[in-house]
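Trainee: The following block contains a protein sequence and its predicted model.
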Amino acid sequence: MSSSFATARRLRTAHLLLQALLLLALVVGLNYLATKHAWRFDLSRHARHSLSPETRSYLRELSAPVKIVVTLSENTDDDGVAQASRDVRALLRDYVEASAANPRAPIAVEFVDVYQNRAAAQRLGIDKPNTILVASGPKTRTVGLTELYDVKDREKTAFKGEQAFTAAILDVSRPGKQPVYFLTSHGEMDPNDTDPARGLSLLRDELALRNFDLAVLDLSNPEDRARVPAASLLVIAAPQGRYSPDEQEFLRRHLSASAGRILALLNPANPHGLDELLFDWGVLADDVVILDQSAEGRSDTGDLILYPTTSGHPVIEFLASNKIAVRFGPSRSVRPDPGRSLDPGLNTLPLLATSPGAWGERSYRQRGPAAFDPAVDLAPPLAVGTAAERVAPKDKLPFSVRSGRLIVYGGGEWLANARLAAGGNLSLALASINWLVDRDTLLQLPPRPIEKFQLSLNTVQLGRLRLSLLFALPALTATLGLLVYWSRRR
């Protein structure tokens with residue numbers, strides 16, 4: 001009898017050991033699978049723990065490794081530096097994980113204490129704390145704390161770390177910056193001008209942040225023409241005078257023969273001299289001024305409110321999916337030319353449209369109140385922006401190559417300093433430039449809002465919470481234990 005009890009005890013002990021081994025094997029196996037095949041789901045409100053599709057696209061295209069050295073520390077009396085260290089550490093973890101998809105150009109992150117490891121700091125060229133160094137080969141760039149946050153009334157309102165780090169990685173990893181030429185000598189808007197109404201200095205800063213190299217170009221100067229590389233982007237920013245036939249011919253050759261790109265902003269009531277070029281690309285810029293007296297077509301400040309069309313073009317994909325409107329100043333209609341040639345390689349699509357209450361006034365030079373005349377004026381809805389792309393067949397091969405891209409908007413003041421931040425203006429500008437230069441992944445890196453949560457409890461509620469933590473939770477745990485014990489006894 002005693003031998004049978006001893007055998008039963010040994011069997012039970014063996015079963016318990018086997019269960020423990022199986023549980024340990026399960027935990028080890030799950031951890032192994034997690035290290036080899038990990039999934040992450042960002043359920044936060046503003047996707048605080050996910051990189052944007054644009055950043056991931058750039059990381060997949062990197063051609064050289066990038067190293068990021070951080071000297072921020074959480075062990076500091078400065079709460080701002082400690083918070084920045086936590087935010088940067090979490091963000092750079094996402095960069096390292098995302099760069100694993102591109103083994104030839106990984107991103108490595110190193111945290112250095114400049115006080116405890118001064119030799120490593122000097123070797124990396126860091127001579128002061130609270131700095132971030134981004135390096136790829138011999139090229140380096142420093143990211144400062146002021147670039148990481150939006151600050152209002154001395155309080156941080158949004159985290160701009162992804163914007164700053166992506167710009168720095170692009171800057172150090174690319175052999176050169178992509179040029180963007182702003183045409184001059186016809187009264188165009190100037191990227192170095194800080195004037196609110198016609199200056200483009202804010203756009204210049206946004207493009208510089210995205211690794212573009214801005215320059216001005218005088219088409220009347222043969223030396224300037226000779227230095228324009230093929231497939232480069234030319235910006236015609238609201239000229240106040242006509243381009244000469246010779247200049248227009250240069251632009252036509254740039255688009256067709258050099259696979260060039262042009263962004264044209266044509267204000268109403270200003271002759272531009274580009275009619276033949278636009279006709280070749282199936283675009284019609286009507287000599288009208290758009291008027292809209294409806295509530296959905298005009299803002300409180302008198303700006304013209306425009307909406308993305310349903311054409312599905314990549315330039316307006318972000319605006320259309322998020323139902324974001326843009327705000328223009330004086331505008332003309334720019335639409336696909338109904339009389340354009342039936343060129344199978346030419347794709348022309350409208351980008352922006354007015355509200356149903358707008359019309360194109362042809363008699364805008366006459367004094368007096370304006371009213372819609374269906375016999376003369378353009379009827380709504382009207383297109384105010386059009387994109388054209390010519391795709392040329394490659395002999396008899398089953399693919400084609402792009403030979404040029406053109407976007408024309410019926411006004412330029414929406415890019416000026418005073419309007420750039422309004423509505424979706426900045427997003428539209430960046431998306432247009434990205435599409436023109438073949439960065440088809442939209443550059444949308446909005447700051448991540450910093451949310452604050454505060455739990456307010458009065459004295460009675462705080463006392464109840466204290467009693468619950470001291471007695472209710474232990475009592476609940478004890479009750480569950482008794483129930484388990486009772487069930488095993490039975």
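Mentor: Done, it's in.
Trainee: Report the distance from the one helix or strand residue 482 maps to to the chain centre.
Mentor: Using DSSP states H and E, residue 482 sits in helix 473-489. Helix 473-489 has its average C-alpha position 55 Å from the chain's average C-alpha position, going by Cα atoms, centre = their mean, to the nearest Å.
Trainee: Please apply the same query to stretch 383-394.
Mentor: 23 Å.
Trainee: If you average the pLDDT over the helix holding residue 482, what comes out?
Mentor: Averaging pLDDT along helix 473-489 gives 80.
Trainee: Tell me, how many residues neighbour residue 473?
Mentor: Neighbour count of residue 473, defined by other Cβ atoms under 10 Å: 10. Backbone N, C-alpha and C define where each C-beta goes, glycine included.
Trainee: if I look at it, how far off is residue 187?
Mentor: 74 Å (Cβ to Cβ, to the nearest Å).
Trainee: One more: residue 12?
Mentor: Using Cβ to Cβ, one obtains 94 Å as the distance from residue 12 to residue 187.
Trainee: The two: which has the busier surroundings?
Mentor: Counted by other Cβ under 10 Å, residue 12 and residue 187 do not tie: residue 187 has more neighbours, with 13 against 10.
Trainee: quick one: the helices in the stretch 201-350 of the chain?
Mentor: Here the stretch 201-350 of the chain has its helices, by DSSP state H, counting those that start in this stretch, at 201-209, 222-226, 245-256, 275-280, 317-322.
Trainee: Throw the ones you listed into TSV and include mean pLDDT and mean neighbour count, thanks.
Mentor: What follows is these, written out as TSV (pLDDT from 0 to 100; neighbours: other Cβ atoms under 10 Å):
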stretch	mean pLDDT	mean neighbour count
helix 201-209	86	19
helix 222-226	88	11
helix 245-256	93	17
helix 275-280	94	18
helix 317-322	81	16
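Trainee: Just put the ones you listed in JSON lines and tack on distance to residue 383.
Mentor: Converted to JSON lines, these look like this (distance: least, Cβ to Cβ, whole Å):
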{"stretch": "helix 201-209", "distance to residue 383": "23"}
{"stretch": "helix 222-226", "distance to residue 383": "32"}
{"stretch": "helix 245-256", "distance to residue 383": "20"}
{"stretch": "helix 275-280", "distance to residue 383": "13"}
{"stretch": "helix 317-322", "distance to residue 383": "14"}
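Trainee: residues making contact with stretch 83-100?
Mentor: With Cβ atoms under 8 Å, 6 or more residues apart in numbering as the test, stretch 83-100 has contacts from 49-51, 55-56, 59, 62, 66, 68, 70, 72-74, 76, 105-109, 111, 132, 145, 148-149, 156, 159, 161-162, 165, 169.
Trainee: CA atoms of it as CSV?
Mentor: This file holds the C-alpha atoms of stretch 83-100, laid out as CSV (Å, rounded to 0.1, in the frame of the first residue of the first chain):
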residue,chain,number,x,y,z
GLN,A,83,11.8,64.7,-21.3
ALA,A,84,13.7,65.2,-24.6
SER,A,85,15.9,62.3,-23.8
ARG,A,86,12.9,60.0,-23.3
ASP,A,87,11.2,61.2,-26.4
VAL,A,88,14.3,60.9,-28.6
ARG,A,89,15.2,57.5,-27.2
ALA,A,90,11.7,56.1,-28.1
LEU,A,91,11.8,57.7,-31.5
LEU,A,92,15.2,56.5,-32.5
ARG,A,93,14.2,53.0,-31.5
ASP,A,94,11.6,53.2,-34.3
TYR,A,95,14.3,54.4,-36.7
VAL,A,96,16.6,51.5,-35.9
GLU,A,97,13.8,49.0,-36.3
ALA,A,98,12.6,50.5,-39.6
SER,A,99,16.1,50.6,-41.0
ALA,A,100,16.4,46.8,-40.6
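Trainee: before we move on, back to that, which of the contacts of stretch 83-100 fall in strands?
Mentor: Residues of these located in strands (DSSP state E): 66, 68, 70, 107, 108, 109, 111, 132, 149, 156, 159.
Trainee: Relative to residue 119, how far out is the fifth one?
Mentor: Distance from residue 108 to residue 119, counting by Cβ to Cβ: 19 Å.
Trainee: Those two: who's more crowded?
Mentor: Between residue 108 and residue 119, residue 108 has the larger neighbour count (other Cβ under 10 Å), namely 14 against 7.
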